[in-house]
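A.B. asks: Take this sequence and fold it.
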Amino acid sequence: MAQGQPRLVVVLSQLGDFDSLEYAEALVQAWDQIAAASIQVHAIGIGNSTSADQFCAFTGFPRDHLSVDPTAELHQELGLYAGLSTGGGPWTNLLLMCAGIGSPGTLKEVIRGYTGDRSAPARLDSSLFDLAGQGFQRPFELATVRLNNMVEVLGRWSTYVPDQRFLCQRGGTYLIDGNNELLYHHQDQGILGFSETMTNPLMFLKDYLNP
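C.D. replies: Presented below is the predicted three-dimensional model:
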């Protein structure tokens, strides 16, 4: 990433994680607006080159803007939340986190996916969901997006998750200005917590984007 320009560094969790897929989809949707503000974007996710290829093919995230960290070394150096650790192994810990244990905000966010959210934009162009209204996130709409993501990942599990040791590792967001000063950062504290404002995950960029 070139010096002297604002940089958005997104440290993703496992590339097969709900958070990584949703974050990438949000960035792709706003990509032109971010580029117009001369903000460079680069993401680092847990996986390998094959994981990254499939991740970008599915989400549309530009492959040359994604690097991989197979052992979550960067996450550890940044002090990012490694997730719940009970001694029962990564799958046990992940299931407990999905239930909200050691993962604040997860259950609330899951419920929002089913109940809808009038403060969030629509996610799907669908006549079925339009029956419930337009211009906002309808009931079951976000849950459907997440189900589609889950089907994609489970169908290619070994591709997305070559190493299951890091299933619970969370990520972080860092916005850096042209002088290498940190303008904003967020460290994820749980599953489906990759943003402080999940209704609009890129709200933190609002003051840095062109009107």
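
A.B. asks: Show me what the longest helix anywhere in the chain is packed against.
C.D. replies: In the chain, assigned by DSSP state H, the helix with the most residues is helix 141-155. Using 3 or more Cβ pairs under 8 Å, 6 or more residues apart in numbering; DSSP states H and E as the contact test, the elements touching helix 141-155 are helix 18-29, helix 106-115. To be clear about C-beta, it is placed using only N, CA and C from the backbone, and glycine gets the same treatment.

A.B. asks: In CSV, list those along with mean pLDDT and distance to Arg170.
C.D. replies: Shown next, in CSV, are these (pLDDT from 0 to 100; distance: least, Cβ to Cβ, whole Å):
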stretch, mean pLDDT, distance to Arg170
helix 18-29, 97, 8
helix 106-115, 96, 11
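
A.B. asks: starting at the chain centroid, how far to the helix or strand bottoming out on mean pLDDT in the chain?
C.D. replies: None of the helices or strands of the chain scores lower by mean pLDDT, DSSP states H and E than helix 127-130, at a mean of 86. Computed by Cα atoms, centre = their mean, to the nearest Å, the separation of helix 127-130 from the middle of its chain amounts to 26 Å.

A.B. asks: can you check stretch 182-200 too?
C.D. replies: 9 Å.

A.B. asks: Convert the C-alpha atoms of it to CSV, please.
C.D. replies: The C-alpha trace of stretch 182-200 is given here as CSV (Å, rounded to 0.1, in the frame of the first residue of the first chain):
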residue,chain,number,x,y,z
LEU,A,182,-4.4,5.9,13.5
LEU,A,183,-7.8,7.6,12.8
TYR,A,184,-10.0,4.7,13.9
HIS,A,185,-9.8,1.2,15.1
HIS,A,186,-12.2,-1.6,16.2
GLN,A,187,-11.3,-4.9,17.6
ASP,A,188,-14.0,-7.6,17.3
GLN,A,189,-15.2,-9.0,20.6
GLY,A,190,-17.5,-11.7,19.3
ILE,A,191,-19.1,-13.5,16.3
LEU,A,192,-21.0,-11.1,14.1
GLY,A,193,-19.3,-8.2,15.8
PHE,A,194,-17.0,-7.0,13.1
SER,A,195,-18.4,-3.5,13.3
GLU,A,196,-19.5,-1.2,16.1
THR,A,197,-22.6,-0.4,14.0
MET,A,198,-23.8,-3.7,12.4
THR,A,199,-26.9,-1.9,10.9
ASN,A,200,-24.4,0.0,8.8
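
A.B. asks: Return the distance of the residue sitting furthest away from the middle of the chain relative to Asp117.
C.D. replies: No residue in the chain sits farther from the centre than Leu131, which is 28.8 Å out by Cα atoms, centre = their mean. Applying Cβ to Cβ, to the nearest Å, the value for Leu131 to Asp117 is 17 Å.
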